[in-house]
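# Would you be able to build a 3D model of this:
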Amino acid sequence: MSRAPGRSIKLEGMKQANKYSIAKRFNALDFHDDSFRSLKILPPRSRNNFTRIEFEFQDDSTGSVKVLSFHSCANFRFIMDFDVLADNWRFGNTEASSADTNVEQMRKFVGAQMSQWRTTYMPPMPKNKPIRKKLESIRGYILFRVTFFGGTVEVLAKNYKLRC
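Residues are numbered from 1 along each chain as shown. Now for the predicted structure:
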């Protein structure tokens, strides 16, 4: 997908755009052999201020910088072998990207992280209280993936934006 430098593509929020069309557009993006340059996490500052995660890539064919940001993030998993990433830094270390709207896959993704949150809730609060609300609204999210030669990033978010 080619774009003029400095142009921005913004997809509307989940209320205005269909999450399936957002996933379809994301799946059409090409990050293969782009170089991963940086990662920025902008955490929430209030209950209504959602997390934003930004990745910066250098396009393998044009050399231009692309910024991929995920908006209204609910969960994030980043697994990286930096030795492998370093071995590939000159040749483009990004393999692919994809978006998944499968509700069961998203539920498994969220459920697999519960033990790592290191939270306990005292009775009478149910053990699954924090996750219950998220699972009730999970149909409004998309599971985005960016795979590297040496790692994987998964982001459960409502939307994304690509700035070139």
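# Give me the contact list for the strand ranked longest in the chain.
Longest strand in the chain, counting residues (DSSP state E): strand 65-80. Outside strand 65-80, the residues that touch it by CB atoms under 8 Å, 6 or more residues apart in numbering are 13-14, 31, 34, 37, 39, 41, 50-59, 109-110, 113, 134, 141, 144, 146, 148, 150-164. Every residue, glycine included, has its C-beta placed from N, CA and C.
# Filter those residues down to the ones in strands?
Of the contacts of strand 65-80, the ones assigned to strands by DSSP E are 37, 39, 41, 51-58, 144, 146, 148, 151-163.
# per-residue pLDDT, residue 45?
The model reports residue 45 with a pLDDT of 87.
# Give the partner strands of the longest strand of the chain in its sheet and their orientations.
Under the criterion DSSP bridges, strand 65-80 sits next to strand 51-58 (antiparallel), strand 151-163 (antiparallel) in its sheet.
# can you tell me the average pLDDT over whatever helix or strand comes next after it?
Next helix or strand after strand 65-80 toward the C-terminus (DSSP states H and E): helix 82-87. Helix 82-87 carries an average pLDDT of 81.
# After helix 82-87, which helix or strand is next?
strand 94-100.
# Model confidence for residue 152, exactly?
The model's pLDDT for residue 152 equals 95.
# so how many other residues sit close to it?
With neighbours defined by other CB atoms under 10 Å, the count for residue 152 comes to 13.
# lowest-confidence helix or strand of the chain?
Confidence across the helices and strands of the chain bottoms out at strand 8-10, with a mean of 43, counting by mean pLDDT, DSSP states H and E.
# out of the ones in strands among the contacts of strand 65-80, which are buried?
51-57, 144, 146, 148, 151, 153-160, 162-163 (16 or more other CB atoms under 10 Å).
# doesn't residue 44 make contact with residue 50?
Yes - Residue 50 is within contact range of residue 44, at 5.8 Å (criterion: CB atoms under 8 Å).
# can you pull up the bridge partners for residue 51?
residue 73.
# Tell me where the protein is predicted with low confidence.
Scanning the chain for pLDDT under 70 picks out 1-17, 90-91, 114-119, 121-122, 127-130.
# before we move on, back to that, how much does the longest strand of the chain deviate in direction from strand 94-100?
Per axes from the mean of the first three to the mean of the last three CA atoms, to 10 degrees, the angle that strand 65-80 makes with strand 94-100 is 80 degrees.
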